[in-house]
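[1] compute the structure for the input listed below.
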Amino acid sequence: MANSQDHNIFTNELAIKKCWDLILKKFRTVDLYSCLKRINHKPSGTKSQLRRILSDIFELHTDDEELVKIILDRGDILDCYLETGIEIDDVRIIPTLDIGYFSSYIERKNIFTMRRLYFYKDIQKIGGWSCVTIRSIDYRMSLEFKVATNLFNGLFLEAGSGMPPQTTFLLRCARINDDDRAINALKDDYPVGMKLFINEVDFTSLLPREIFYNNIDRRERLSSPTVLNKGIIECQEDCEQSDYLNIRVEFARARNKNNTYAIGVFSSTQGSVEDLCNEILSRERITIDEFKKDFVKFMPKQRGIELDCTKINLLSSATYVRIRIPFRGRNCNHIIPDDLEDYLTINRGNEKWLCKICKNLCTPDDIMIDEFFEKILNNHPDDEEIFLYSGERLMYKLGDGIEMYIDDLLEKKDDKEISDDNVGVVEGDEKVVNDK
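    So this is what the prediction gives:
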């Protein structure tokens, strides 16, 4: 116990010695001003006057742990400025240098695994992640990125050509939990009440829209990156006159206390629905044999009894137009197809990637084209629904009343009329039995 106390005393003495070194030798005017402001002192005067004021206060309160922390944190930020030339606000934030830790409040991280974006390719960090752990609630927090304006030359040329820009600049923000650091891809998650400024012009409207949750009395933004192009283009004149563009985010500490956020700026190349669609179409299909196994597995039941027949609509769940390219996801618990192009278009803005039928995760990596429905749609261009029948040999029937075996999909068979009795109707999530 005595050794522990001696260690604490020694550690405190070192911290106090470092604080005196910062105050008397290293701190610039802005550093002295910032420390005084943090302790609710209204600072004014020359550098010598500010140093004398802070020295007098610290001499009387060397046992004040919060004051020691404020001075040491400002020293960390000064060290960062001396190493990188980047000036940031006194909010216990350090830009990415990937060289360890400055204090218990500040992390330097260079790599975070973020949730994959499917409509953005060749994503490159501009600088690195800036990380902040919010400990106190005394005032608003501000974080600024200085981005070299020559990075935007291509964007201005694209915008002036009348063609949609392919270069896209993104702001990404993630909330980091200890459990997420090693195993989970982080999703885009913004501080509550965050605002966005580009060269001091308010572009908060560019952030994903807010959703209000009644059960937790909290507004959260949609989990998607922020596209900065519009704001940057509006600041083109500033970019032509300066070497740097300032991108700043601001939010209240009180509403985000005890959270850790990583924020960064990125460049990327934007993809299209057509590009992603073609990539998916180049993959192997769900074969008819695989479809038959899934049909038996997912055949709907009514009151625990498996039905002999089910009806499936061949319409897009989004537009109710006949499906052009039928797909389903590897995580889906059904065999109902949906329209690929409509699904990709819906997800282009937010990349939510949830199946509209079963609500399970269905990213482009999970999407599979169904050969059975692809052949049905190609061979019968006027039909908007299909009946599927279980039994020793699985069969299907279209609206014209013709019954065919699934195995013999491409062969001509004798037509048979089948009664519609005991037909289960499947439209989205609903199941209905037609009784006599």
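[2] quick one: residue 299 and residue 309 touch, right?
    No - Residue 299 lies out of contact with residue 309 (C-beta atoms under 8 Å); the separation is 9.4 Å. C-betas here are computed from N, CA, C, even on glycine.
[3] give me the more crowded residue out of the two.
    The neighbour count for residue 299 versus residue 309, taken as other C-beta atoms under 10 Å, is higher for residue 309 (24 against 19).
[4] surely that one touches residue 389?
    Yes - judged on C-beta under 8 Å, residue 309 makes contact with residue 389 at a distance of 5.0 Å.
[5] so for stretch 117-136, what gets flagged as buried?
    Across stretch 117-136, burial judged by 16 or more other C-beta atoms under 10 Å covers 117-120, 123, 127-136.
[6] with stretch 227-246 instead?
    So for stretch 227-246, counting by 16+ other C-beta under 10 Å, buried means 227-229, 231-233, 235-236, 238-239, 245-246.
[7] among these, which pair sits farthest apart?
    Pairwise distances across those peak at 18.8 Å for 227 and 238 (criterion: C-beta to C-beta).
[8] where exactly do the helices run in this protein?
    Secondary structure of the chain (DSSP state H): helices located at 2-21, 29-38, 47-60, 65-84, 153-160, 180-183, 229-234, 236-241, 273-281, 288-298, 340-347, 371-379.
[9] okay if I get the ones you listed as JSON lines plus distance to residue 408 and mean pLDDT?
    Below are these laid out as JSON lines (distance: least, C-beta to C-beta, whole Å; pLDDT from 0 to 100):
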{"stretch": "helix 2-21", "distance to residue 408": "81", "mean pLDDT": "68"}
{"stretch": "helix 29-38", "distance to residue 408": "79", "mean pLDDT": "86"}
{"stretch": "helix 47-60", "distance to residue 408": "88", "mean pLDDT": "90"}
{"stretch": "helix 65-84", "distance to residue 408": "70", "mean pLDDT": "82"}
{"stretch": "helix 153-160", "distance to residue 408": "53", "mean pLDDT": "82"}
{"stretch": "helix 180-183", "distance to residue 408": "48", "mean pLDDT": "49"}
{"stretch": "helix 229-234", "distance to residue 408": "54", "mean pLDDT": "94"}
{"stretch": "helix 236-241", "distance to residue 408": "64", "mean pLDDT": "90"}
{"stretch": "helix 273-281", "distance to residue 408": "26", "mean pLDDT": "95"}
{"stretch": "helix 288-298", "distance to residue 408": "10", "mean pLDDT": "88"}
{"stretch": "helix 340-347", "distance to residue 408": "27", "mean pLDDT": "96"}
{"stretch": "helix 371-379", "distance to residue 408": "12", "mean pLDDT": "92"}
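[10] residue 403: which of those is closest?
    The closest of the helices of the chain to residue 403 is helix 371-379. By C-beta to C-beta, the value is 13.5 Å.
[11] now that closest one: how far from the chain's centre is it?
    Averaging C-alpha positions (C-alpha atoms, centre = their mean, to the nearest Å) puts helix 371-379 35 Å from its chain's average.
[12] just to revisit the earlier point, now do the shared contacts for residue 299 and residue 309.
    Common contacts of residue 299 and residue 309 (C-beta atoms under 8 Å, 6 or more residues apart in numbering): residue 390.
[13] got the contact list for the residue most central in space within the chain?
    Closest to where the C-alpha atoms of the chain average out (C-alpha atoms, centre = their mean) is residue 188, at 2.7 Å. Applying C-beta under 8 Å, 6+ apart, we find residue 188 in contact with 114-115, 172-174, 208, 223-225.
[14] how about a cut-off of 7 Å?
    Residues near residue 188 by C-beta atoms under 7 Å, 6 or more residues apart in numbering: 172-174, 223-225.
[15] could you list which of the residues you listed belong to strands?
    Mapping these onto strands (DSSP state E) picks out 172-174.
[16] re earlier: looking at the buried residues of stretch 117-136, which is nearest residue 275?
    Distances from residue 275 to those, taken as C-beta to C-beta, are shortest for residue 119 (8.7 Å).
[17] just give me the neighbour total for the closest residue in space to the closest one that isn't next to it in sequence.
    Nearest residue to residue 119, sequence neighbours excluded (C-beta to C-beta, 6 or more residues apart in numbering): residue 271, at 5.0 Å. Burial of residue 271 is recorded as 18 neighbouring residues (other C-beta under 10 Å).
[18] repeat for residue 74
    Residues near residue 74, counting by other C-beta under 10 Å, number 24.
[19] that one and residue 31 touch, don't they?
    Yes - applying C-beta atoms under 7 Å, one finds residue 74 in contact with residue 31, separated by 5.3 Å.
[20] how's the protein carved up into domains?
    Following the assignment in the TED database, the chain carries domains at 8-84, 120-271, 274-409.
[21] next up, phi/psi of the residue nearest to the centre of the chain, please.
    With angles defined as degrees, to the nearest 10, residue 188 sits at phi -70, psi 120.
[22] and it, how far from residue 276?
    The spacing between residue 188 and residue 276, counted by C-beta to C-beta, to the nearest Å, is 19 Å.
[23] could you do residue 364 as well?
    Using C-beta to C-beta, residue 364 is found at 6 Å from residue 276.
[24] hey, what's in contact with both of these two?
    Common contacts of residue 364 and residue 276, defined by C-beta under 7 Å, 6+ apart, comprise residue 118.
[25] shaky segments in the stretch 201-350 of the chain?
    Low-confidence segments of the stretch 201-350 of the chain (pLDDT under 70): 213-218, 300-307.
[26] strands of that one, start to end?
    Assigned by DSSP state E, counting those that start in this stretch, the stretch 201-350 of the chain shows strands spanning 201-202, 210-213, 218-221, 226-227, 244-252, 260-270, 301-302, 305-306, 309-313, 326-329, 338-339.
[27] list the contacts for the residue lying closest to residue 175 once chain neighbours are set aside?
    In space, and not counting its chain neighbours, residue 175 is closest to residue 189: 4.1 Å by C-beta to C-beta, 6+ apart. For residue 189, the contact set (C-beta under 7 Å, 6+ apart) comprises 173-175, 223.
[28] recalculate using a threshold of 8 Å.
    Residues near residue 189 by C-beta under 8 Å, 6+ apart: 173-175, 220, 223, 261.
[29] now, which of these sits nearest residue 63?
    The closest of the contacts of residue 189, once distances to residue 63 are taken by C-beta to C-beta, is residue 261, at 32.0 Å.
[30] and that closest one, bridged to which residues?
    residue 132, residue 175 (DSSP bridges).
[31] my guess is it meets residue 172, correct?
    No - counting by C-beta under 8 Å, residue 261 stays clear of residue 172, with 10.7 Å between them.
[32] now do the shared contacts for residue 74 and residue 31.
    residue 22.
[33] phi, psi for the closest residue to residue 329 other than its chain neighbours please.
    Closest residue in space to residue 329, ignoring its immediate chain neighbours: residue 362 at 3.4 Å, by C-beta to C-beta, 6+ apart. Geometry field for residue 362 lists phi and psi as phi -150, psi 80, criterion degrees, to the nearest 10.
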